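K.L.:
How does the following fold in three dimensions:
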Amino acid sequence: MKPGTFWYTVYQNSDNERLPLAATNIKLRPVRTSVALKDQVYGALKSAITAMDIYADGEAAKLDERRLAEDLGVSRTPIREALSRLEQEGLVEMIPRKGTFVARKSKEEILEMISVWAALESMAARLATQVASDAEIGELRELFVTFEGEEAPQAHIDEYSDTNIRFHQKIISLSKSELLKQMTDSLFVHMRAIRAQTITERDRADRSIIDHLHIIEAIEARDTELAERLVREHSFGLADHINNYVAYLD
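P.N.:
Down below sits the predicted model:
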């Protein structure tokens, strides 16, 4: 195994055999030894899990404590403590006699999360029109400069997928509400993963950038009611797509 890679296995057949998969692109660097070691390990694992494409495969990713400890250059004790914290946050699931898995949500659970996210992000957009500076709002439009032109955004779909995620994070940030950020953090890992997975489906990328530009225009105009409504409708558009076309969450 190459240093700095993140390994996992999944149950893939009727005999419940664990078949090794190739390492993901997620990088884990050894953490510095200090009194806050357990917090560093927790932060490193949470960041790595947040960056994973949780719904890209048919089964939940299994985390190997030994390999995680090797990658981070620590003992297995802080790994176990970190995984326990992540389980409390709903990011991993510990199954007796099977191991620890990155948590995947059902379609019903994802749809419920989107409804909550729609309420929180639309409020963030409302606040952004009231408290964000013109320069800060301008950063929203700067995200999409790369995707101007006849081929955009499909011509740069991987890059656009990342920009799509940053766009929604930026709206939360523009609200300048620490409580809103804390509330959305618990939802973000699944919202990020499902947005990354669905952006390539049907014509969602094209429709997404149109929605985003309309949202930006509303926030730039400081049209509070319109910005709030457009963000909420954008989230419900994702819910409609999942409800009608996504079978891999069933």
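K.L.:
could you point out the longest helix in the protein?
P.N.:
helix 107-131 (DSSP state H).
K.L.:
Which element is encountered next along the chain beyond that helix?
P.N.:
helix 134-142 (DSSP states H and E).
K.L.:
Buried residues of whatever helix or strand comes next after that next one, list them for me.
P.N.:
Under the assignment DSSP H and E, the closest C-terminal helix or strand after helix 134-142 is helix 157-174. The neighbour-count check on helix 157-174 (16 or more other Cβ atoms under 10 Å) flags 160-161, 163-165, 167-174 as buried. Any C-beta I mention is one placed from the backbone N, CA and C, and that applies to glycine too.
K.L.:
before we move on, back to that, run through the neighbouring helices and strands of the longest helix of the chain.
P.N.:
Helices and strands touching helix 107-131, by 3 or more Cβ pairs under 8 Å, 6 or more residues apart in numbering; DSSP states H and E, are helix 157-174, helix 178-198, helix 204-220, helix 224-245.
K.L.:
Just the angle for it relative to helix 134-142, thanks.
P.N.:
Put simply, helix 107-131 runs at 140 degrees to helix 134-142, going by axes from the mean of the first three to the mean of the last three Cα atoms, to 10 degrees.
K.L.:
what comes into contact with helix 107-131?
P.N.:
105, 137, 168, 171-172, 174-177, 180, 183-184, 187, 190-191, 194, 215, 218-219, 222-224, 227-232, 235-236, 238-239, 242-243, 246, 249-250 (Cβ atoms under 8 Å, 6 or more residues apart in numbering).
K.L.:
May I see the buried residues of that helix?
P.N.:
110-111, 113-114, 117-118, 120-129.
K.L.:
if we can go back for a sec, let me have the buried residues of helix 157-174 in a markdown table, extended by distance to residue 53 and pLDDT.
P.N.:
Formatted as a markdown table, the buried residues of helix 157-174 follow (distance: Cβ to Cβ, whole Å; pLDDT from 0 to 100):
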| residue | distance to residue 53 | pLDDT |
| --- | --- | --- |
| 160 | 15 | 80 |
| 161 | 10 | 82 |
| 163 | 16 | 89 |
| 164 | 14 | 89 |
| 165 | 12 | 90 |
| 167 | 18 | 94 |
| 168 | 17 | 95 |
| 169 | 17 | 94 |
| 170 | 21 | 96 |
| 171 | 22 | 97 |
| 172 | 21 | 97 |
| 173 | 23 | 97 |
| 174 | 27 | 97 |
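K.L.:
quick one: which of the residues you listed is nearest to residue 71?
P.N.:
The shortest approach to residue 71 among the buried residues of helix 157-174 belongs to residue 165, at 24.2 Å (Cβ to Cβ).
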